[in-house]
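>>> Please find the sequence and the predicted model below.
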Amino acid sequence: MAQSRKKESNFVYSTEQGKMCAFCGQEKQMCICAKKTSVPKGDGIVRVGRETKGRKGKGVTIVKGLLLDNNSLKSLAKQLKQKCGSGGTVKDGIIEIQGDHRETVIRELEKQGLKAKLAGG
């Protein structure tokens, strides 16, 4: 099953038992799918780089290697975007911030106690 599991999208309604998970077949309160949080594995070093590939020449700051679950990753991305005064997104465990903000991002990550280094050219 390579389907993405979103908050409510994997629940179906049963007239007998109420909301049930479409994947594990359990009731909403007993669902084991919704409780799983996937934390990526890595070496603990956050790599910050710049990338323009596939963006029509527009550069973005890429933050890889964060050992955080999806919700924590989104909140960290929000903080970084506010510090940089720029937009951005989280895709596949990678934070993308519009523009070249590598130094600002590294400073902010180190303030939070993370080991960050410049990656790429």
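Received it, and whenever you're ready, just let me know what you need.
>>> tell me what the helix or strand encompassing residue 50 is packed against?
Secondary structure assigned from DSSP states H and E places residue 50 in strand 45-51. Packed against strand 45-51 by the contact rule (3 or more Cβ pairs under 8 Å, 6 or more residues apart in numbering; DSSP states H and E) you find strand 60-64, helix 102-111, strand 115-118. In this view, the C-beta of every residue, glycine as well, is placed from N, C-alpha and C.
>>> Just the buried positions in the longest one, please.
Neighbour counts using 16 or more other Cβ atoms under 10 Å place 102, 104-106, 108-109 of helix 102-111 among the buried residues.
>>> and residue 78, how far is that from residue 112?
13 Å (Cβ to Cβ, to the nearest Å).
>>> Which residues does the longest helix seen in the chain contact?
For the chain, the helix with the greatest residue count under DSSP state H is helix 70-84. Defining contact as Cβ atoms under 8 Å, 6 or more residues apart in numbering, one finds that helix 70-84 is touched by 37-38, 61, 63, 66, 68, 87-90, 93, 95, 97, 99, 101, 104-105, 108, 112.
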